[in-house]
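Novice: what shape does this take:
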Amino acid sequence: MKSNMSKLLAVGLTTVMVSGVVAGCAKNSTPSSEGSGASGEQPKKLTVTMALSEEEWAVMKQDIIPAFEKKHNAKIEALQVEAQDVVKKLEAMKQANKMEIDLIAQDVNNTSLLVSKGLVEDLSAYKDKIPGEAIEGLVTAGEFDGKTYFLPYRPNVEINYYNENKFQQYGLEAPKTWDELLHVAKTLKEKEQLGRVALKIKLTGDVIEIVEFIRQAGGDPLVLNDEGTIKAYTYLQELWPYLSEDTLKASFSSTNSFLASESVYYAPNWPFGVNIIVKDGGKTEIKANAGFSGPEGAVKTLGGEVMGIPVGSSNKELALEFMEYLMSKEVQEQLITKLGWPSFRSDVYGEVEDWQKPYFEAVQEGLKVAKPLPNVPYWADVNKAINESLSEVVTDKKDVKETLDKYAEIIQKAKSEHE
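Specialist: Residues are numbered from 1 along each chain as shown. Prediction:
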């Protein structure tokens, strides 16, 4: 693997969270051969949307797309479209009866509305194109009501980073259970008079970590006041005083800084931090594992992207060919070596350098127990209810059951409005 490989795994979830890196929704045509193919025919045009960083686009345009264009006498027009804008774009084109997009690479946790609004094709007839080496979680994430609407593209999952030197200094090990996590947080707070564990729970924005706690206790975030969720919130209420204040400021980018500067010694984050902290920053004492288990086992949140074809595309056959190409072992190996993306294929990890292997192993372990957030049309209401209810429980110290009962009603009302 090249030593100057782009940020390891960073880019696995950067597609979901980094907005505006490439001019928003601006058209970015990929380089392709001018003129017609060997047969004299003009190249077929395929319009594809993705949400990538500049570094990712560079690899996609220089190393991935040209080979497909040459083989299929095609010209791919690649557009930068953020996940939250895809529905609006496709709706407008469908209403105008002028679909100008042939393939979308979409955030796995933002697909429900595309299906419920009838904006993407049913691809059930092409499910056999999915490689047998594909991880189950990303395959099932593309299914709705027994039908396949999306094919796997790239997965992502958070891993849990910890400062091995600091843990050894205080006789600690990376926590593997809730009890151990509480012990670590308490010990570090006692020894240093500051919280050194951050959990990326800002009480605003996404609720990835909160949902993991709920599910690890056997709860359902769509119900919210069930026994498992009550257990999770009760635990978080106990844990909260021992957490770092950086918990409320922890984002995918700031968490790297917290770990590198040693303001926190333990935090979950997307795998892209490995190259930033360890390789570029030289912090080889920062290790990682797949995280901890709750009373009902280990559960992680699946991120990443899947591929779909908009209803009305006039290039469905070519789009399917490009999907199959992106799913191929050859392309997936390039993405893992040149960009450090986690792969949905289990047969491509032999390309990893020795120093990276422990981090990739953590990613693979996490992917085994990862599943996407509930993909329902009213998820925005659920997300808000989870944040607000936990805020009342951990910061205002309100009664867990009473608080969850109140917000459970809000969720049920939102559900009924979408039925």
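Novice: next, the buried residues of the strand or helix carrying residue 66.
Specialist: Following DSSP states H and E, the helix or strand that holds residue 66 is helix 65-72. With burial defined by 16 or more other Cβ atoms under 10 Å, the residues of helix 65-72 counted as buried are 65, 66, 68, 69, 72. In this view, the C-beta of every residue, glycine as well, is placed from N, C-alpha and C.
Novice: CA atoms only: put the helix or strand just after it into CSV for me.
Specialist: With elements assigned by DSSP H and E, the helix or strand that comes after helix 65-72 is strand 74-80. What follows is strand 74-80 as a C-alpha-only set of coordinates in CSV (Å, rounded to 0.1, in the frame of the first residue of the first chain):
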residue,chain,number,x,y,z
ALA,A,74,-19.4,6.0,-21.8
LYS,A,75,-19.0,9.4,-20.3
ILE,A,76,-19.9,9.8,-16.6
GLU,A,77,-21.0,13.2,-15.4
ALA,A,78,-20.5,13.1,-11.6
LEU,A,79,-22.5,15.6,-9.5
GLN,A,80,-21.8,16.6,-5.9
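Novice: can you give me the buried ones in strand 74-80?
Specialist: 74, 75, 76, 77, 78, 79, 80.
Novice: show me where the stretch 201-350 of the chain has helices.
Specialist: 208-216, 227-239, 254-260, 273, 316-327, 329-338 (DSSP state H, counting those that start in this stretch).
Novice: what's the most buried one of the ones you listed?
Specialist: helix 273 (a mean of 28; mean count of other Cβ atoms under 10 Å).
Novice: what helices and strands are in contact with that helix?
Specialist: The contact analysis (3 or more Cβ pairs under 8 Å, 6 or more residues apart in numbering; DSSP states H and E) places helix 273 against helix 254-260.
Novice: may I have the helix it packs on as CSV, with CA atoms only?
Specialist: What follows is helix 254-260, C-alpha atoms only, in CSV (Å, rounded to 0.1, in the frame of the first residue of the first chain):
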residue,chain,number,x,y,z
SER,A,254,-13.2,17.9,17.0
THR,A,255,-12.9,14.4,18.5
ASN,A,256,-9.7,13.8,16.6
SER,A,257,-8.3,16.9,18.2
PHE,A,258,-9.4,15.9,21.7
LEU,A,259,-7.7,12.6,21.4
ALA,A,260,-4.5,14.0,19.8
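Novice: picking that back up, what is the mean pLDDT for the helix holding residue 66?
Specialist: The pLDDT scores in helix 65-72 average 97.
Novice: any idea how far that helix is from the chain center?
Specialist: 28 Å (Cα atoms, centre = their mean, to the nearest Å).
Novice: can you tell me which two in the buried residues of strand 74-80 are farthest apart?
Specialist: Spatial extent of these (Cβ to Cβ) is set by the pair 74 and 80 at 19.6 Å.
Novice: quickly list what the spatially most central residue of the chain is bridged to.
Specialist: The centroid of the chain falls nearest to residue 303 when counting by Cα atoms, centre = their mean (2.2 Å). Legend: beta-bridge partners of residue 303 under DSSP bridges are residue 156.
Novice: my read: it touches residue 108, true?
Specialist: Yes - applying Cβ atoms under 8 Å, one finds residue 303 in contact with residue 108, separated by 6.4 Å.
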